[in-house]
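Colleague: requesting a structural model of the entry that follows:
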Amino acid sequence: MEYFGLSPFAWVLVGIPLASYLFLLALVRMQGSCLVTSGGRDVVALAIGISGLVAIGPLQLFFPPVIAAGMSLRVTAALLLFYALCVILLILLSRPRLVIYNADLDQVRSAVHRAADSVLPGSERSPDGVYFPPADLRLRIEGSTRSRAWQIVAWGPTLRPTIWRAFRMAVARELAASRSASSAPHHAWSLLLWAVVLGVIVVWQLWQRPIEVATGFREFLRI
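Modeller: Below is the predicted model of the structure:
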């Protein structure tokens, strides 16, 4: 029996990674301290969260309709590897950036300015970030005050990985030293609610329809 066009196995396959991602994101948004992560890690977390949707959609379209016996697992592994390579390519082609959660604009601006002073001596401060004349590099602050989520995007020549890592750590230290006493955004509770709903659906499918889930798993792998 299908609900909203999805079989019990599809609900499990989609729900587990997506509910985990939403739950983790909700916890991050509800905690009081600031979190600084790299853009690559943020993309990887999102890619894992939507991996179930990709598996029942694009990957199934690429799956050969007729394959030799015993080759289904290898084809599935190859498609998953292709998805991972696409995510890596997206990260490599994206501009270097930092992602900051649970911070106000003044906090982010102050942390970026102080971090640039220590890691990029000679940088010039601006309301939307900093400018580093020796490398013709601009670090621009982008984001939303309402969601308290920000990005520090690098425009210009790419910094060496060691310098970029030092800058990220310096921003994290500056934000950790600042205090942010504010309640969790309302959409954080919405994310948690959706995570719980998806988790309940997954548990319900595993509890009430284990045979259909197992059958769907075998069909997914073409066993």
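
Colleague: moving C-terminal from the helix or strand bottoming out on mean pLDDT in the chain, which element do we reach first?
Modeller: For the chain, the helix or strand with the lowest mean confidence is helix 58-62, at a mean of 76 (criterion: mean pLDDT, DSSP states H and E). Taking DSSP states H and E as the definition, the helix or strand that follows helix 58-62 towards the C-terminus is helix 72-93.

Colleague: and that following helix, C-alpha only, in CSV?
Modeller: Taking C-alpha atoms only, helix 72-93 is exported to CSV below (Å, rounded to 0.1, in the frame of the first residue of the first chain):
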residue,chain,number,x,y,z
SER,A,72,22.8,-5.3,-9.2
LEU,A,73,24.9,-4.5,-6.1
ARG,A,74,27.8,-3.3,-8.2
VAL,A,75,25.6,-1.0,-10.2
THR,A,76,24.0,0.4,-7.1
ALA,A,77,27.5,1.0,-5.6
ALA,A,78,28.6,2.7,-8.8
LEU,A,79,25.5,5.0,-8.8
LEU,A,80,26.1,5.9,-5.1
LEU,A,81,29.8,6.7,-6.0
PHE,A,82,28.6,8.8,-8.8
TYR,A,83,26.4,10.8,-6.4
ALA,A,84,29.3,11.2,-4.0
LEU,A,85,31.5,12.5,-6.9
CYS,A,86,28.8,15.0,-7.9
VAL,A,87,28.7,16.3,-4.4
ILE,A,88,32.5,16.6,-4.3
LEU,A,89,32.5,18.4,-7.7
LEU,A,90,29.9,20.8,-6.4
ILE,A,91,32.1,21.6,-3.4
LEU,A,92,35.2,22.1,-5.5
LEU,A,93,33.3,24.4,-7.9
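
Colleague: I'd like the mean pLDDT over it, please.
Modeller: For helix 72-93, the mean pLDDT works out to 87.

Colleague: tell me the buried residues in it?
Modeller: Across helix 72-93, burial judged by 16 or more other Cβ atoms under 10 Å covers 72, 75, 76, 79, 83, 87, 91. For the C-beta atoms, the positions are set from N, CA and C on the backbone; glycine is no exception.

Colleague: kindly report the same for stretch 12-24.
Modeller: Neighbour count says stretch 12-24 has 12, 13, 14, 15, 16, 17, 18, 19, 20, 21, 22, 23 buried, by 16+ other Cβ under 10 Å.

Colleague: strands of this protein, start to end?
Modeller: Across the chain, reading from the start of the chain, the strands by DSSP state E fall at 35-38, 97-101, 124-126, 129-132, 137-144, 149-155.

Colleague: off-centre distance for the longest one?
Modeller: Centroid displacement of strand 137-144 relative to its chain, using Cα atoms, centre = their mean, to the nearest Å, is 19 Å.

Colleague: likewise stretch 78-87?
Modeller: A distance of 17 Å separates the C-alpha centroid of stretch 78-87 from that of its chain, computed with Cα atoms, centre = their mean.

Colleague: for burial, what's the neighbour tally of residue 160?
Modeller: Residue 160 has 9 neighbours, counted by other Cβ atoms under 10 Å.

Colleague: and it, what are its phi and psi?
Modeller: When read as degrees, to the nearest 10, the backbone of residue 160 gives phi -60, psi 140.
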